[in-house]
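Novice: Task: produce atomic coordinates for the following.
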Amino acid sequence: MYAILVHISGQEPVKLDVDELPKLTDTCVIGRNPRERSDKEITWVDEGVTTICIPWWRINYIQFLPTGAEEQEFDLPFR
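Specialist: Down below sits the predicted model:
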């Protein structure tokens, strides 16, 4: 499962869980557990909704968030 951050035109980004990453041939992005970037509930999604579909024409870009296994520790340039 992947966590993605979908930037929708004219709205705040939405964090979604997807089983596989979207392909270029897809016409929409379908994701589960829609939430804000800070993991709070989204106000425009009705209570009890667990899956949403966002058409590509509404999406500016998508960020693919790293999983726990992919995160790397970077040395900070200061002390």
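Novice: Name the spans of this protein whose pLDDT lies under the cut-off.
Specialist: Applying pLDDT under 70 to the chain flags residues 68-76, 78-79.
Novice: could you pull out the strands for it?
Specialist: For the chain, applying DSSP state E gives strands covering 2-8, 14-18, 28-35, 51-55, 59-65.
Novice: Can you get me the start-to-end distance on stretch 40-50?
Specialist: 14 Å (C-alpha to C-alpha, to the nearest Å).
Novice: From the chain's centre, how far out is it? Work that out for me.
Specialist: Relative to its chain's centre, stretch 40-50 lies at 14 Å (C-alpha atoms, centre = their mean, to the nearest Å).
Novice: Please list the outside residues in contact with it.
Specialist: By C-beta atoms under 8 Å, 6 or more residues apart in numbering, the residues outside stretch 40-50 that reach it are Q11, V14, R32, N33, P34, R35, E36, I52. To be clear about C-beta, it is placed using only N, CA and C from the backbone, and glycine gets the same treatment.
Novice: Any figure for the gap between the nearest residue to the fourth one once chain neighbours are set aside and G10?
Specialist: When you say that, I think you mean N33. Leaving aside its chain neighbours, N33 sits nearest to D17 (4.8 Å; criterion: C-beta to C-beta, 6 or more residues apart in numbering). According to C-beta to C-beta, to the nearest Å, D17 stands 23 Å off from G10.
Novice: can you check P77 too?
Specialist: In terms of C-beta to C-beta, P77 sits 37 Å off from G10.
Novice: Now do E20 against W44, distance only.
Specialist: Applying C-beta to C-beta to E20 and W44 gives a distance of 26 Å.
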